[in-house]
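In: sharing a sequence plus its predicted fold:
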Amino acid sequence: ITWLIPVIGHLGIADSRGVASDFQGPYTVGEDGRMAFGNPTRALKIDISQLPGGASTWDAAIKDANEVYRGRMHNLCCDNCHSHVANALNRLDITAYGISKFDMVKLAFLVFFRAPFLSLNGFLYQFFPFIIMLVIFLASTAILQL
C-alpha cells in the first residue's frame, strides 16, 4: 500500500526497552521486536518522563493493547496497526505532538509529516517504488496522448 500511497504504512509501538509490538494480521500481534514488514524506516519519540508511573505505565498500556488486538480481526480500513498503536496511546494520560486523543488517521499523518527517517535506505524504501510507479504512469499517459 505504501508504494501506492506513501502516507500509509505499517505502524508499531516500542516498549520502554525499545522492543516493538505491532498488529500483524487477524488475531496476531508481534511483540518480539520483529515487525511484520521488516525494520522500521521512521520513528517518533514520545517523552514518557512526565507520565505517571513512567516506563511501567507505558509498558502496561502496550501489553494491554496487545491483548485486545490478539482478539481482533484485522481490517485494512478500520481496525489495523494504526488502531493498535492508538489504542495503546489512548490508555495513557499523555499528550504528544499536540495530540491527546489518538486515532489511525492522526497517527498516519503524524508519522508522515513529523517522524524522521532512520536512514537513507528507509527513505528510498518508502518513496522509490512510488516514484517509479508515478514515472511509469506519467510516461504511459504521455505516450497515449500522442
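Out: Nice, thanks for sending it over. For clarity, every value in this text was computed on a predicted model and none was experimentally measured.

In: C-alpha only now, for contacts and for neighbours.
Out: OK.

In: quick one: Ala61 is in a helix?
Out: Yes - assessed by DSSP: H, G, I helix; E, B strand; the rest coil, Ala61 belongs to a helix.

In: that one reaches Ala88, doesn't it?
Out: Yes - the pair Ala61 and Ala88 passes the contact test of CA atoms under 8 Å, sitting 5.2 Å apart.

In: mind naming the longest helix for this structure?
Out: Counting residues, the longest helix found in the chain (DSSP state H) is helix 120-145.

In: packing partners for that one?
Out: Judged by 3 or more CA pairs under 8 Å, 6 or more residues apart in numbering; DSSP states H and E, helix 120-145 has no packing partners among the helices and strands.

In: residues of it that come out buried?
Out: 122, 126-127, 130 (16 or more other CA atoms under 10 Å).

In: same deal with stretch 55-71?
Out: Buried, per 16+ other CA under 10 Å, within stretch 55-71: 57-63, 65-66, 69-70.
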